[in-house]
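Novice: Prediction below, plus the sequence it came from.
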Amino acid sequence: MPSTASFETAALIKQNVTYLDMVAVAVLAYDYLLTIDREARLVWPVPWNFGKVLYFLTRYPVFAETFMVLYHQFAVLSPGECTGLFRAIGFGLGIGTLIAESILAVRTWVIWHRNIRIGYILLGSLILCWTPLFYFLKIALYSLVFTTPPHPETPGCFLAKQSRNLYIVFVIVMIFETLVLGLTLLKGVEHFRGTNSTLVSVLYRDGILNYIYLCILSIINVTVLLTAPVSHSPTYAHALP
C-alpha cells in the first residue's frame, strides 16, 4: 500500500489524466458527428471488401476501448481487475494501430498503382515492425503492477511499478510511418511533374499532414514515457491518442 504522500500525488495525476480522457471522448464524439453523414453516404452502400473491413475495424472498436478507459478511471477496481483491464486496452490499441497502419500501407500501395515490389516492401515492413512491436508491448503490459489505495472505495487504478519499454512501441510506429511517407513523397514528385490534378494534390497533402500529426503524437508519447515518473508514465500515455 502506498504512503499517504505518494497516494496524494497519484490521485492528483489521476485527476489530470481523467481530464485528458474526457477531452479525448469529446474529440471522438465530435469527429463521429462531423463525419457520420459522409460515412453513411459513401461507405455504408459500398459492397463489402477488404478496404471497408479495415475501415470499420479502425472506426468502431475505439468506442469500446474508450469505454474501458473511462471505466478504469471511475470504477472501484481491485489490482487484479486493473491489470486485466490495462492489458485489454493495451493490446486493443496495439491491434487498432496495426489496422490503421495497414490502411496507410494499402493507400501507399494504391498510389504506386499496386506495384508488386512496393506491395512486398510494405507487407514485409509491416511484419518486421509489428512483430517486435507486440513483443515490447507485451513486456510493458505484463510489467504493470497495481496497488490498493488507502481507502478501499477509491475509484480508479493506481500503478506501483512498470517497465519503460513501452516507448519502443512508439519508436517502431514512427519508423514505419517514415517509410510510408518516403514512398508517398517519392511517388508524389513523379505525379506532380505529370499532372495538375487537384485531387492528386489533396491526396498527397493529406498524406503528409497525416504523417506529421501521427509523428507529433508519437514523439509526445515517447517523451512522456521517458520523462514522467515511473509509476505514472503509462497512465499519461494511454490518455494520449
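Specialist: Structure's in. What do you need?
Novice: From now on I want contacts and neighbour counts done on CA atoms only, so please keep to that.
Specialist: Noted.
Novice: Rounded mean pLDDT for the helix or strand hosting residue 16, please.
Specialist: Assessed by DSSP states H and E, residue 16 sits inside helix 4-42. Helix 4-42 shows a mean pLDDT of 81.
Novice: do the same with stretch 221-241
Specialist: Stretch 221-241 carries an average pLDDT of 61.
Novice: quick one on the thing from earlier: quick check, distance from the helix holding residue 16 to the centre of its chain.
Specialist: Centre-to-centre, helix 4-42 and its host chain are 13 Å apart (C-alpha atoms, centre = their mean, to the nearest Å).
Novice: in the helix or strand following that helix, what counts as buried?
Specialist: Per DSSP H and E, the first helix or strand lying C-terminal to helix 4-42 is helix 50-59. Buried residues in helix 50-59, counting neighbours by 16 or more other C-alpha atoms under 10 Å, are found at residue 58.
Novice: what angle do the helix or strand just after helix 50-59 and helix 4-42 make?
Specialist: Proceeding N to C from helix 50-59, the next assigned helix or strand is helix 61-74, under DSSP H and E. Interaxial angle, helix 61-74 versus helix 4-42 (axes from the mean of the first three to the mean of the last three C-alpha atoms, to 10 degrees): 160 degrees.
Novice: centre of the chain versus the helix or strand following helix 61-74, how much separation?
Specialist: Using DSSP H and E, the helix or strand that follows helix 61-74 in sequence is helix 79-111. Taking C-alpha atoms, centre = their mean, one finds the center of helix 79-111 at 6 Å from the center of the full chain.
Novice: before we move on, what about stretch 124-134?
Specialist: 15 Å.
Novice: re the thing from before, give the buried residues for the helix holding residue 16.
Specialist: Going by neighbour count (16+ other C-alpha under 10 Å), the buried part of helix 4-42 is 10, 11, 14, 17, 18, 20, 21, 24, 25, 28.
Novice: and residue 163, how many neighbours?
Specialist: 19 (other C-alpha atoms under 10 Å).
Novice: Kindly report the same for residue 167.
Specialist: Using other C-alpha under 10 Å, residue 167 has 23 neighbouring residues.
Novice: Kindly report the same for residue 189.
Specialist: For residue 189, the neighbour count with other C-alpha under 10 Å is 11.
Novice: what packs against the host helix or strand of it?
Specialist: For residue 189, the element it lies in under DSSP H and E is helix 166-194. Secondary-structure packing of helix 166-194 (3 or more C-alpha pairs under 8 Å, 6 or more residues apart in numbering; DSSP states H and E): helix 79-111, helix 116-142, helix 198-227.
Novice: tell me the most buried of those?
Specialist: Comparing the helices and strands packed on helix 166-194 by mean neighbour count (mean count of other C-alpha atoms under 10 Å), helix 79-111 ranks first with a mean of 18.
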